[in-house]
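Novice: Let's see this in three dimensions:
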Amino acid sequence: MPEITDEFILSLFNNEATKEKAFELLLKKYQKHIYYSARRITTIHEDADDVSQNVCIKIWKNLDKFRNESSLKTWISRICINEALSYIEKKKRLLNLSDDSYTDFLLVTHADTNTLTPNQIEQILQEEIIKLPPKQRAVFTMRYYDETPYAEMSEIFNTSESALKASYHFAAEKIKKNISERLTF
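Specialist: Numbering: from 1, shown residues only. Okay, here's the model as predicted:
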């Protein structure tokens with residue numbers, strides 16, 4: 001089966017008779033991307049599920065306003081990143097936790113579930129990623145895992161490529177330093 005293009009999905013979405021089919025195709029194409037983007041930022045499966053649902057609702061409500069100023073994937077990523085970051089802020093307020101306390105909460109949750117990877121080194125990497133501030137975590141995971149180009153991230157975050165390169169560099173250096181300290185016997 002040939003790949004379904006974004007243009008085809010958008011053309012179906014603009015027709016009231018095929019709008020639901022278009023949304024079904026969009027989800028089939030981007031659902032994993034949405035979930036994993038949310039999961040890398042929130043780090044908790046249940047939170048990523050909640051964020052993914054919120055993202056899907058926002059896509060449904062706003063897809064007719066998509067202006068083709070970026071790719072559909074970039075537009076969806078922007079919604080996902082913003083929704084994940086907002087979700088974290090709401091959760092911190094709900095739990096009445098500071099940034100540091102929330103990081104501790106994530107580390108304890110991560111250690112208790114041990115679901116991200118069976119590999120101990122990967123687990124340490126994940127724990128160090130969790131320690132990054134949410135926006136820096138988003139930049140790092142998009143670049144490290146998805147190899148998202150800086151130009152695309154610039155559109156998603158509405159910031160300069162040089163600021164994103166600096167953010168990624170600082171995150172990578174912080175992770176390297178912390179891992180090397182942890183692995184020093």
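Novice: CA atoms for contacts and neighbours, from now on please.
Specialist: OK.
Novice: In space, what's closest to residue 132 - neighbours in sequence excluded?
Specialist: Spatially, and ignoring its direct neighbours in sequence, residue 132 is nearest to residue 171 (7.0 Å; CA to CA, 6 or more residues apart in numbering).
Novice: Check which helix or strand the one you found maps to.
Specialist: helix 161-183 (DSSP states H and E).
Novice: Grab the nearest non-local neighbour of residue 77.
Specialist: residue 156 (6.6 Å).
Novice: next one: residue 19
Specialist: Nearest one to residue 19, counting by CA to CA, 6+ apart, is residue 13 at 4.1 Å.
Novice: show me what contacts that neighbour?
Specialist: 19, 20, 21, 22, 23, 63, 64 (CA atoms under 8 Å, 6 or more residues apart in numbering).
Novice: give me that answer again for 7 Å
Specialist: 19, 22, 23 (CA atoms under 7 Å, 6 or more residues apart in numbering).
Novice: Tell me, how many residues neighbour the nearest residue to residue 47 once chain neighbours are set aside?
Specialist: Distances taken as CA to CA, 6+ apart put residue 39 closest to residue 47, at 7.5 Å, once the chain neighbours are dropped. Residue 39: 20 surrounding residues under other CA atoms under 10 Å.
Novice: What residues of the helix holding residue 171 count as buried?
Specialist: 161, 164, 165, 167, 168, 171, 172, 174, 175, 179 (16 or more other CA atoms under 10 Å).
Novice: quick one: contacts for the fourth one?
Specialist: For residue 167, the contacting residues are residue 136, by CA under 7 Å, 6+ apart.
Novice: That one and residue 61: what is the separation?
Specialist: Going from residue 167 to residue 61 by CA to CA, to the nearest Å gives 32 Å.
Novice: cool, and the fifth one?
Specialist: Per CA to CA, residue 168 is found 32 Å from residue 61.
Novice: where does the chain have low pLDDT?
Specialist: Applying pLDDT under 70 to the chain flags residues 1-2, 110-119, 183-185.
Novice: let's see it at 80
Specialist: 1-2, 107-122, 180, 182-185 (pLDDT under 80).
Novice: What ranges does it have for its helices?
Specialist: Using DSSP state H, the helices of the chain run over 6-13, 19-42, 45-62, 72-95, 99-113, 120-130, 134-144, 150-157, 161-183.
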